[in-house]
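# sequence plus the predicted model coming up.
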Amino acid sequence: MSPALPLLTAADGHGREARPLVVTGVPDLLDDLLRLAAAAGVTTTVATEPGALRRAWAAAPLVVVGMDRAEACIAAGLPLRPHVVLIGGHVEDGRVWSAGARIGADHVIFLPEAEPWLIDAFSDLDGLGLRGSVTIGVVAGRRGSGASTLAVSLALSGLRHGLHTMLIDADPRGSGVAPGLARLLPAAGDPPPGGTGQRPTNPFPPPDGAPPDPLGGGAAPSWPGLVARRGELAVVSWDLGVGPDVPVGPMATLLSTARSTSDLVVVDLPWQQDPAAALALSSCRTALVVLRADLASVMAAERVCAAAGRRCSDVRAVVRQRPSARLDPAMVSEMLGVPLA
């Protein structure tokens, strides 16, 4: 029997924070990862029990996790962080993609095909930043509640506040985010009626306390110029040719890319979860359930909240209230058993 691997190994106790962290208990995989790290000229910290390594997990510039330890990392409640790579066994194994989403992996790779890529990743540690990313899911408690409109509003708010934002339409059966964008995104580059050349009002005024910033030069300022100053917004939808269900593999890749490139990720989720939507929900820090303040909507939203709570630890209600509504938001929150957003 081979001797057990130590919980933590390093050449010495100095400079541990600067080392990439390798989390695996499989000797052959560990040998491969150490070989690739040596080829990149770096020394790694090796872990076998992630529950005891919270400080190393948060401080390492890069974390490489073997599939054998993925579930243990998830069970240990390690915080989501950028620059996590999961080493999968087989690309057809759906458990790999599910674990990658739940652990917050930026990349899911398979060896030996990805060895050159991983060597490059080990070599480029100085270029890695620990910018955090927040993923928020928005789902309707009942059809027609306005979840897609709220998702668009959140994305545009992130844009206004200078965040790199990605809006993901994960509901191919719904009306999509395009109607919401059409209503809420002003045509900043269009000249006013009559062609007078008058400058349009800035649709995204600076946050409170910030000095006013006029739109850029030129007779008709364009939307790209405004985006460059206020942040960036990427909108991702799906070709109708893929069918009614979004493929799980592309969704996992998209979520990894979103986390590594965006400050804020907003996911418009379907009312009824398919496997890809369940995967996206598992990656969310917060899930917002949108509903109207009426009894029928509350009864439908109870099931949605229960389903969301099985995959996301922070589920909140967004209650749309009308003057004629008999239920106030606090009552709706109590009935659903989730806090108000």
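It's in.
# shouldn't Phe122 be within a helix?
Yes - under DSSP: H, G, I helix; E, B strand; the rest coil, Phe122 falls within a helix.
# what's the local residue count around it?
21 (other Cβ atoms under 10 Å). From N, CA and C alone the C-beta is placed, and that goes for glycine too.
# Leu36 is in contact with that one, correct?
Yes - contact criterion Cβ atoms under 8 Å: Phe122 and Leu36 qualify, at 6.4 Å.
# could you point out which element follows the helix or strand containing Val266?
Per DSSP states H and E, Val266 falls inside strand 264-268. As assigned by DSSP H and E, the chain's next helix or strand after strand 264-268 is helix 275-282.
# what's in contact with that next one?
Taking contacts as Cβ atoms under 8 Å, 6 or more residues apart in numbering, the residues outside helix 275-282 that touch it are 94, 97-98, 101-102, 137, 139, 168, 170-171, 245-248, 251-252, 255, 267, 269-270, 273, 287, 308, 311-312.
# which stretches of this structure form helices?
27-39, 54-59, 67-75, 94-103, 115-123, 147-160, 178-184, 223-230, 248-261, 275-282, 295-309, 329-336 (DSSP state H).
# distance to Arg322 and mean pLDDT added to these, as CSV?
Below are the helices of the chain laid out as CSV (distance: least, Cβ to Cβ, whole Å; pLDDT from 0 to 100):
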stretch, distance to Arg322, mean pLDDT
helix 27-39, 58, 94
helix 54-59, 45, 75
helix 67-75, 41, 90
helix 94-103, 37, 86
helix 115-123, 52, 90
helix 147-160, 16, 89
helix 178-184, 19, 74
helix 223-230, 33, 40
helix 248-261, 34, 78
helix 275-282, 28, 84
helix 295-309, 11, 92
helix 329-336, 12, 91
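# how far away from the center of its chain is stretch 334-341?
Stretch 334-341 sits 23 Å away from the centroid of its parent chain (Cα atoms, centre = their mean, to the nearest Å).
# stretch 70-84 too?
14 Å.
# go through that stretch and flag the buried ones.
For stretch 70-84, burial by neighbour count (16 or more other Cβ atoms under 10 Å) applies to 70, 72-74, 78, 80-84.
# measure it end to end?
11 Å (Cα to Cα, to the nearest Å).
# next one, pLDDT for Ser2 please.
pLDDT recorded at Ser2 is 40.
# any idea how far apart the tips of stretch 239-254 sit?
For stretch 239-254, the end-to-end distance is 14 Å (Cα to Cα).
# check stretch 278-288 too.
14 Å.
# and the residue nearest the centre of the chain, how far from Ser256?
In the chain, the centroid-proximal residue (Cα atoms, centre = their mean) is Thr135; its distance is 3.7 Å. Distance of Thr135 to Ser256, given as Cβ to Cβ, to the nearest Å: 11 Å.
# next one: Pro112
For Pro112, the distance to Ser256 - Cβ to Cβ - is 21 Å.
# these two: which has the busier surroundings?
Ser256 (22 against 9).
# leaving out chain neighbours, which residue sits closest to the more buried one?
Nearest residue to Ser256, sequence neighbours excluded (Cβ to Cβ, 6 or more residues apart in numbering): Asp106, at 4.9 Å.
# these two touch, right, that neighbour and Leu86?
No - Asp106 is not in contact with Leu86 according to Cβ under 8 Å; the separation is 9.0 Å.
# neighbour-wise, which of the two wins?
Leu86 (28 against 22).
# so the more buried one touches Ala70, yeah?
Yes - using Cβ under 8 Å, Leu86 makes contact with Ala70 at a distance of 6.1 Å.
# okay, and the common contacts of these two?
What both Leu86 and Ala70 touch, as defined by Cβ under 8 Å, 6+ apart, is the set 99-100, 103.
# of those - the most surrounded one?
Gly100 (27 neighbours).
# okay, now the closest residue to that residue other than its chain neighbours: neighbour count?
Nearest residue to Gly100, sequence neighbours excluded (Cβ to Cβ, 6+ apart): Val108, at 4.3 Å. Using other Cβ under 10 Å, Val108 has 23 neighbouring residues.
# and if you look at Ile136?
Ile136: 22 neighbours (other Cβ under 10 Å).
# contacts only, for it.
By Cβ under 8 Å, 6+ apart, the neighbours of Ile136 are 154, 264-267, 284-288.
# surely Gln273 and Ala306 touch.
No - using Cβ under 8 Å, Gln273 is not in contact with Ala306; the gap is 11.6 Å.
# higher neighbour count, those two?
Using other Cβ under 10 Å as the criterion, Gln273 and Ala306 rank with Gln273 on top: 19 against 13.
# tell me the pLDDT of that one.
So Gln273 comes in at 82 (pLDDT).
# what's the distance between it and Ile74?
In terms of Cβ to Cβ, Gln273 sits 19 Å off from Ile74.
# Trp57 against Val63, yeah?
Yes - using Cβ under 8 Å, Trp57 is in contact with Val63, at 6.4 Å.
# how many neighbours does the nearest residue to Ala234 once chain neighbours are set aside have?
Excluding the flanking residues, the one nearest Ala234 by Cβ to Cβ, 6+ apart is Met166, at 4.6 Å. The local packing of Met166 (other Cβ under 10 Å) involves 26 other residues.
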